[in-house]
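**Student:** Here's a sequence, model it:
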Amino acid sequence: MNLPTTETLLLDINDHALHITINRPKVRNAMSLQMVHELMAVFESIKHDRAIRAVVLRGTGGHFCAGGDIKDMAGARAAASQPKEGNNPFYTLNREFGRMLTQVNESPQVVIAVVEGAVLGGGFGLACVSDIAIAAETAKFGLPETGLGIPPAQIAPFVVNRIGLTQARRLALLGARFDGNEAARLGIVHTVCTSEGIEQELEDVLAQVKRCAPEANIITKALILSVGNDELDTILDQAAKSFSDCVQGKEGQEGTMAFIQKRLPNWA
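**Tutor:** Here you go, the predicted structure:
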């Protein structure tokens, strides 16, 4: 497999997982447009790679991601001061971030976010599109956008999907800051650990992913994401077809035999 060359991300494949580490520690891993494009390129490169069953997202220097890079905003403002017909640099900058979130959200792999330190704005959005989120209890979450005079435009829909309308309203409209324990109470993250306990928790989660059949996980994730987007009968019809295909397929046969023979299936 050929992973793209990246400047803002560190990439490492370990067994069945690709570890993506945001590597801009001097700016608390603030998300630049370059980083957005690099993340998109990485996820596109592994979309059909069944050897990569999990993706771990985390940050260097004790922070996950402190939001958007102010330099990109300044660059867009400079470009907007010399307008060209059909060109809106602020729209383009913001919309690219939304496309990246959608791509990560729909990734066939299990996406695991390990969040420490600043989890703000864009970093908050990334946490909300993960399948499993592990947080340090000292992590600092928040949507600071309205305090800067802008909306959390591309992030808001994913926050609503994650925690529901009522809590999303409160967090977005107050710009509230809170720690890992509150993030767990709200349902943004699933597990809260001490800094020392994060690695063991991640190891345990990756081991659990390995126990699950790769194709079955892909189908299950797509099925879950279709809820609320398609008609219920359409979802259930497709679910029945997927079930039938899986039962008769290699994974279904292997899983059944492994259960009968009291052994681990070959994908584990």
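
**Student:** hmm, who's touching the helix or strand bottoming out on mean pLDDT in the chain?
**Tutor:** In the chain, the helix or strand scored least confidently by mean pLDDT, DSSP states H and E is helix 70-80, which has a mean of 71. Contact partners of helix 70-80, identified using C-beta atoms under 8 Å, 6 or more residues apart in numbering, comprise 30, 32, 33, 87, 88, 89, 90, 92, 93. Where C-beta positions appear, they are placed from N, C-alpha and C, glycine not excepted.

**Student:** SS state for the fourth one?
**Tutor:** Under the three-state scheme (DSSP: H, G, I helix; E, B strand; the rest coil), the conformation of residue 87 reads as coil.

**Student:** Could you tell me how many residues sit around it?
**Tutor:** When counting by other C-beta atoms under 10 Å, one arrives at 11 neighbours for residue 87.

**Student:** most distant residue from the middle of this protein?
**Tutor:** Relative to the mean C-alpha coordinate of the chain, counting by C-alpha atoms, centre = their mean, the farthest residue is residue 261 (36.5 Å).

**Student:** ok so, going back, just the CA trace of the helix or strand following the least confident helix or strand of the chain, in CSV.
**Tutor:** For helix 70-80, the following helix or strand on the C-terminal side (DSSP states H and E) is helix 89-105. Output in CSV follows, covering the C-alpha atoms of helix 89-105 (Å, rounded to 0.1, in the frame of the first residue of the first chain):
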residue,chain,number,x,y,z
PRO,A,89,-12.0,31.9,-0.4
PHE,A,90,-13.8,31.8,2.9
TYR,A,91,-16.5,29.5,1.5
THR,A,92,-13.9,27.3,0.0
LEU,A,93,-11.8,27.1,3.1
ASN,A,94,-14.8,26.2,5.3
ARG,A,95,-16.4,23.8,2.9
GLU,A,96,-13.2,21.8,2.4
PHE,A,97,-13.1,21.1,6.2
GLY,A,98,-16.7,19.8,6.0
ARG,A,99,-15.8,17.5,3.1
MET,A,100,-12.9,16.1,5.2
LEU,A,101,-15.2,15.5,8.2
THR,A,102,-17.7,13.7,6.0
GLN,A,103,-14.9,11.5,4.5
VAL,A,104,-13.6,10.5,8.0
ASN,A,105,-17.2,9.9,9.2
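
**Student:** Can you tell me which helices and strands helix 89-105 packs against?
**Tutor:** Taking 3 or more C-beta pairs under 8 Å, 6 or more residues apart in numbering; DSSP states H and E as contact, the helices and strands that helix 89-105 lies on are helix 33-45, helix 70-80, helix 122-128.

**Student:** Please tabulate those helices in a markdown table, including the columns distance to residue 144.
**Tutor:** Formatted as a markdown table, the helices and strands packed on helix 89-105 follow (distance: least, C-beta to C-beta, whole Å):
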| stretch | distance to residue 144 |
| --- | --- |
| helix 33-45 | 19 |
| helix 70-80 | 12 |
| helix 122-128 | 9 |
